[in-house]
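A.B. asks: For reference, the sequence and a predicted model appear below.
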Amino acid sequence: MRIWFNKNFGVSKSEFNGLLFLVAIILIIKAVPVIYSYYLPVQKDDPNLLAQIQQISVKDEVYDHAVRDLIESSSHKKTVKLFKFNPNTLDKEGWRTLGLSAKQAQSIVNYTAKGGRFNKPEDLQKMYTISPEMYKRILPYAKIPEQAINVSKNDALSEKKEYAKKALVIVDINTADSTQLDEVKGIGGTFALRIIKYRERLGGFYKKEQLLEVYGLDSNKYAEIKDQIKIGNMPLKTININTATFNDLKRNPYLTFKQINAIIQYRRQHGNYTGISDLKKIVLLNQQVIDKITPYISF
């Protein structure tokens, strides 16, 4: 090989030997990492480190959801367009065109689909999904036909006449069906369905005042019906807080998503709850929330 190099490149013997030495050094440098990794002992994962990584993964997942919502909201704002609309008939895409997010638009559509109505444009400010800034921006474009208002007033009058004909009865709000609740003076078919739906979400009522949490049932309505209802001895439906998943706990209307995550994370880090006193160690749970959820949890 040296003769071939000498013939084609004019390489002397000493230069050829130097070239071989350089090649040998390069091969040794390449081989060192491979040999080192082969003899390097395998390190075991630190359990505490794994737990921290899992916590970071959960936080990253929550953050990713928030970022996706923000991106969706930001991308939608580029297509905002104001136009005249009837809030009682506007669909989801229409609300989004006005500048609302997908979740906000769906909330309003659900409200109208379940019988909720806007009798005048100013009623829009009652929707918690519409911010004060958004309300001021879209109010001039909200138009409600007079006929719709008149129909609503006629329905209210006919409903009042129906209430006047009802005799006073006393029903158990934890066992009554929609027909029995409809017999209560002051409760119509719509409120009866709302009460049952909220009762199922809670797991039962433990005091009458919880009816004030039913959508649309204000203090005046409560004062009208409170003497016609009672709470029997039927046990409430409880959830074992030591085995409950996120989906199990999110049904409870007293807990926010952040509070549910805090409950689950505390359980993972410290083990099962032994009593109500353990819940007081969670920063996001104040005494008021703990008092509300206590009847609905078990250990």
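C.D. replies: It's in. Residues are numbered from 1 along each chain as shown.

A.B. asks: Residue 115 contacts residue 190, doesn't it?
C.D. replies: Yes. Shown here, residue 115 and residue 190 form a contact pair, counting by C-beta atoms under 8 Å, at 5.2 Å. (C-beta placed from N, C-alpha, C; glycine too.)

A.B. asks: what about the helices in the stretch 1-150 of the chain?
C.D. replies: For the stretch 1-150 of the chain, helices defined by DSSP state H, counting those that start in this stretch occupy the ranges 2-9, 13-39, 47-77, 92-98, 102-113, 132-138, 146-165.

A.B. asks: Tell me the first helix or strand C-terminal of the worst-scoring helix or strand of the chain on mean pLDDT.
C.D. replies: When the helices and strands of the chain are compared on mean pLDDT, DSSP states H and E, helix 146-165 comes out lowest with a mean of 54. Per DSSP states H and E, helix 146-165 leads on to strand 171-172 as the next helix or strand towards the C-terminus.

A.B. asks: Against which helices or strands is the following helix or strand past that following strand packed?
C.D. replies: Once the chain leaves strand 171-172, the next helix or strand it forms, by DSSP H and E, is helix 178-182. Other helices and strands packing on helix 178-182, by 3 or more C-beta pairs under 8 Å, 6 or more residues apart in numbering; DSSP states H and E, are helix 189-202.

A.B. asks: Which residues does the helix or strand that comes right after the helix it packs on contact?
C.D. replies: As assigned by DSSP H and E, the chain's next helix or strand after helix 189-202 is helix 219-225. Helix 219-225 is contacted from outside by 184-187, 191, 208-209, 211-212, using C-beta atoms under 8 Å, 6 or more residues apart in numbering.

A.B. asks: residue ranges with poor pLDDT in this structure?
C.D. replies: The model of the chain has pLDDT under 70 over residues 1-2, 4-11, 40-78, 147-167.

A.B. asks: Outline the domain layout of it.
C.D. replies: Domain ranges of the chain: 2-30, 46-73, 79-147, 166-230, 239-298, per automatic domain parsing.

A.B. asks: Reformat the ones you listed as CSV; add mean neighbour count and distance to residue 38.
C.D. replies: Below are the domains of the chain laid out as CSV (neighbours: other C-beta atoms under 10 Å; distance: least, C-beta to C-beta, whole Å):
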stretch, mean neighbour count, distance to residue 38
domain 2-30, 11, 14
domain 46-73, 11, 24
domain 79-147, 15, 55
domain 166-230, 16, 61
domain 239-298, 14, 38
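
A.B. asks: Out of these, which gets nearest to residue 37?
C.D. replies: Nearest to residue 37 among the domains of the chain is domain 2-30; the distance by C-beta to C-beta comes to 12.7 Å.
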